[in-house]
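Participant: fold the following, please.
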Amino acid sequence: MSAILVLIVIFAGIAGIVYVDNTTKRGRALPAGRRAALPEPAAAPALPAPIPDAAETLALRLPEPARTQAWALLCRVADALAHEGNDARTTFLLTQTRAEYLPETLRAYLQLTPEARGCCCARASRPRCCCRSN
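Facilitator: Predicted coordinates:
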């Protein structure tokens, strides 16, 4: 009795494999007009234009050591803004830092002239140190 059940299972498995194989072959053999047309993929939405004076945009234009420090500071400000326990004053100060103070500082660092760099060097401070202290 068990031998008959084993044979039935084996033949059912073979029949299933043959059925699936024939079905997929027939689907591939259909002419292009008879195949179900796949919907065209939707066009990806256009990325918004970067804000030229945003702190993130300015940070990307910095040289490497300053860029890393600016991104770290931007991340800290963003994390502090996302914190739920902030009072109104803290939220205001963090928002002002991100919206005004950081872009102004980064813009000033990017616009340092050779004379201004020389002035910083005369005071025995490097422009990076000036930016870091601000």
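
Participant: count the neighbours of Y109 for me.
Facilitator: Y109: 20 surrounding residues under other C-beta atoms under 10 Å. (C-beta placed from N, C-alpha, C; glycine too.)

Participant: what's the helix or strand for it?
Facilitator: Per DSSP states H and E, Y109 falls inside helix 102-110.

Participant: give the buried residues for that helix.
Facilitator: Within helix 102-110, the residues scored as buried using 16 or more other C-beta atoms under 10 Å are L102, P103, T105, L106, Y109.

Participant: from L60, how far off is the second one?
Facilitator: Going back to what we said before, that points to P103. Look at P103 and L60: by C-beta to C-beta, to the nearest Å, they are 12 Å apart.

Participant: what's the answer for A99, then?
Facilitator: 17 Å.

Participant: same check, this time on Q111
Facilitator: 16 Å.

Participant: could you do T97 as well?
Facilitator: 19 Å.

Participant: neighbour count winner among the two?
Facilitator: T97 (19 against 13).

Participant: so what's the more buried one closest to, chain neighbours aside?
Facilitator: V77 (5.7 Å; C-beta to C-beta, 6 or more residues apart in numbering).

Participant: what is the strand or helix carrying Q69 packed up against?
Facilitator: Per DSSP H and E: Q69 is located in helix 64-82. Counting contacts by 3 or more C-beta pairs under 8 Å, 6 or more residues apart in numbering; DSSP states H and E, helix 64-82 packs against helix 55-60, helix 88-96, helix 102-110, helix 127-133.

Participant: do that again at 6 Å, thanks
Facilitator: Counting contacts by 3 or more C-beta pairs under 6 Å, 6 or more residues apart in numbering; DSSP states H and E, helix 64-82 is packed against helix 55-60, helix 88-96.

Participant: pick the most deeply packed of the ones you listed.
Facilitator: Highest mean neighbour count among the helices and strands packed on helix 64-82 (mean count of other C-beta atoms under 10 Å): helix 55-60, with a mean of 18.
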